[in-house]
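K.L.:
Any chance you could fold what I've pasted below:
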Amino acid sequence: MFEIKNYINTHKDRFINELLELLKIPSISADSAYSADTFKTADAVQQSLIDAGADNAEICQTAGYPIVYGDKIIDSNLPTVLVYGHYDVQPADPLDLWDSPPFEPVIKKTTTHPDGAIFARGACDDKGQMYMHVKAFELMMKTNSLPCNVKFMIEGEEEVGSENLGTFVKANKDKLKADVILISDTGIIANDIPSITVGLRGLSYVEVEVTGPNRDLHSGLYGGAVANPINILCEMIAKMRDDKNHITIPGFYDDVEILSEEDRAELAKAPFDLENYKKALALSDIDGEEGFSTNERNSIRPTLDVNGIWGGYTGEGAKTVIPSKAYAKISMRLVPHQDSKKITQLFADYFEKIAPKSVKVKVTPHHGGTPYVTPTDFVGYQAAKQAMEDTYGKTPVPVRSGGSIPIVALFEQELGIKSVLFGFGLDSDAIHSPNEHYGVFNYLKGIETIPLFYKYFTDYSKT
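P.N.:
Next up, the predicted model:
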């Protein structure tokens, strides 16, 4: 432990400055205007692996943005850790809600982060967390303490559904052969309450289009006589849930995992303050499916949410029109045993069924993902647990996350490898939102803890 802490203390300013430089590159995979920057980021990640001590670091081209692969094989008889992360980031919109430019990272102290937090798009999701692994690898190489083999697979399309990752994984099974996958794209309960994510929800993401008249119409001349697609879309969305916030799509709950009362009681042991939760979000009350707690609603229960809705005139001033079309983007978070393709089809069937004859509707599936659960008796989980106990001085709490990382289930299906979700971010770090940030404490604590995971995973794999 002393050698790890000494190396971090000696190089922490450089570790932070290198991350700041990486965060300056706007690698927004969803927007083609930033294509050159996204490719530039892949090059930067490749160079960082070379500088850290990788024997091999390469840019692997795909039909979209490249995957950066690197490795250090010290002994084929030793275990191999495969690190997964992503270098692409979410769009920064709305820009006017940022306190500082999203790609001009700054460090500011906050109540949650008294040691300072790095404010920038991608700071926590996932450049900061991905880069912890590069620096932890450097630490092990420079201190001659790497106990096993390591491989890196860092992609550039996670924020748009990892469309080309599956093809790459299927075509490179020998290259990616490993004993465990280590992923830091999740978080902990609090800086004094370490936790390890053992469950992720799946995802079904769709876009819907409702078409009424063949052109925008004058709302005075035609109002009340023809269908208004925005009105109808809102009515259709409202029919998706009942007064108990139960999703009304037929068959939606058929395959939902029902946890026992004992399992629900274990999940309830995770520290949670409802009043602080509401205060942090400026809410006077909470909302959700009847019969479940807030933590259950956002982790073990499926959901349906409108992520965006638009149509008609939204500019300055007034324009009295009945729009020809209305649109919405809708995501459904899924729990174990629900299949994203099946849920997408059930949604499409129901959406078409409840549409009145006065409009035409279209459902376009985007991306989906399978739910995932990591068993707590898995050697990888045990190694992560011991590593956190060493650096935090507390036993981490196993938690289920409401988020989705679709490729985790893909990895197990194609590579036969289980994943450990070893994140260090906080719920308050505003990922996907304006003013995203990542604590300096969390960044450095990750670099401190990750080498211990390698140590314990290697030790436990021998027994």
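
K.L.:
switch to C-alpha atoms for all contacts and neighbour counts from now on
P.N.:
OK.

K.L.:
who are the neighbours in contact with residue 100?
P.N.:
Under the criterion of CA atoms under 8 Å, 6 or more residues apart in numbering, the neighbours of residue 100 are 106, 119, 435.

K.L.:
okay if I get those as a markdown table plus distance to residue 408, pLDDT and neighbour count?
P.N.:
Output for the contacts of residue 100, formatted as a markdown table (distance: CA to CA, whole Å; pLDDT from 0 to 100; neighbours: other CA atoms under 10 Å):
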| residue | distance to residue 408 | pLDDT | neighbour count |
| --- | --- | --- | --- |
| 106 | 32 | 98 | 15 |
| 119 | 28 | 98 | 29 |
| 435 | 27 | 98 | 22 |
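
K.L.:
pLDDT wise, what is residue 260 at?
P.N.:
Here, the pLDDT recorded for residue 260 equals 88.

K.L.:
For it, give its distance to residue 316.
P.N.:
Going from residue 260 to residue 316 by CA to CA, to the nearest Å gives 53 Å.

K.L.:
Neighbour count: the two, which is higher?
P.N.:
Taking other CA atoms under 10 Å, residue 260 and residue 316 do not tie; residue 260 has more neighbours (9 against 6).

K.L.:
Tell me where the stretch 201-350 of the chain has strands.
P.N.:
202-211, 217-218, 303-311, 321-322, 325-334 (DSSP state E, counting those that start in this stretch).

K.L.:
Now render those strands as TSV, adding distance to residue 62.
P.N.:
TSV is the format used below for the strands of the stretch 201-350 of the chain (distance: least, CA to CA, whole Å):
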stretch	distance to residue 62
strand 202-211	23
strand 217-218	45
strand 303-311	29
strand 321-322	43
strand 325-334	26
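
K.L.:
Reformat the ones you listed into TSV and put mean pLDDT and distance to residue 135 next to each item.
P.N.:
TSV is the format used below for these (pLDDT from 0 to 100; distance: least, CA to CA, whole Å):
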stretch	mean pLDDT	distance to residue 135
strand 202-211	96	30
strand 217-218	96	59
strand 303-311	97	35
strand 321-322	96	56
strand 325-334	97	33
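
K.L.:
Could you dump these into TSV and include mean neighbour count and distance to residue 64?
P.N.:
Shown next, in TSV, are the strands of the stretch 201-350 of the chain (neighbours: other CA atoms under 10 Å; distance: least, CA to CA, whole Å):
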stretch	mean neighbour count	distance to residue 64
strand 202-211	22	20
strand 217-218	15	40
strand 303-311	15	25
strand 321-322	22	39
strand 325-334	23	23
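
K.L.:
who wins for proximity to residue 160 among those?
P.N.:
Evaluated over these, closeness to residue 160 peaks at strand 202-211, with 10.9 Å, by CA to CA.

K.L.:
The closest one - contacts with which helices or strands?
P.N.:
In terms of contacts (3 or more CA pairs under 8 Å, 6 or more residues apart in numbering; DSSP states H and E), strand 202-211 is packed against helix 229-238, strand 325-334, helix 340-353, strand 360-369.

K.L.:
Out of the strands of the stretch 201-350 of the chain, which is closest to residue 348?
P.N.:
strand 202-211 (8.9 Å).

K.L.:
where does residue 47 sit relative to residue 37, distance-wise?
P.N.:
Residue 47 is 15 Å from residue 37, where distance means CA to CA.

K.L.:
So between those two, which is more surrounded?
P.N.:
Counted by other CA under 10 Å, residue 47 and residue 37 do not tie: residue 37 has more neighbours, with 18 against 15.

K.L.:
Next, the contact list for the more buried one, please.
P.N.:
25, 26, 27, 28.

K.L.:
Of those residues, keep whichever come out buried.
P.N.:
25, 26, 27, 28 (16 or more other CA atoms under 10 Å).

K.L.:
Same list (those) but as CSV, adding pLDDT.
P.N.:
What follows is these, written out as CSV (pLDDT from 0 to 100):
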residue, pLDDT
25, 98
26, 98
27, 98
28, 98
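
K.L.:
With secondary structure and distance to residue 348 as added columns, please give the residues you listed in a markdown table.
P.N.:
Putting the buried ones among the contacts of residue 37 into a markdown table (DSSP: H, G, I helix; E, B strand; the rest coil; distance: CA to CA, whole Å) gives the following:
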| residue | secondary structure | distance to residue 348 |
| --- | --- | --- |
| 25 | coil | 38 |
| 26 | coil | 35 |
| 27 | coil | 33 |
| 28 | strand | 29 |
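
K.L.:
Residues touching stretch 400-420, excluding its own?
P.N.:
Applying CA under 8 Å, 6+ apart, the external contacts of stretch 400-420 come out as 161-162, 165-166, 169-170, 173, 176-183, 186, 197-203, 267, 298-300, 333, 368-372, 374, 380-381, 384.

K.L.:
Of those, which belong to helices?
P.N.:
165, 166, 169, 170, 267, 380, 381, 384 (DSSP state H).

K.L.:
List of residues touching stretch 109-117?
P.N.:
By CA under 8 Å, 6+ apart, stretch 109-117 touches 107, 108, 437, 438, 439, 440, 441.

K.L.:
mind checking pLDDT for residue 462?
P.N.:
Residue 462 is given a pLDDT of 85.

K.L.:
and if you look at residue 356?
P.N.:
What the model reports for residue 356 is a pLDDT of 98.

K.L.:
rewinding a little: can you tell me which of the helices and strands packed on strand 202-211 is packed in deepest?
P.N.:
The highest mean neighbour count among the helices and strands packed on strand 202-211, using mean count of other CA atoms under 10 Å, belongs to strand 325-334: a mean of 23.
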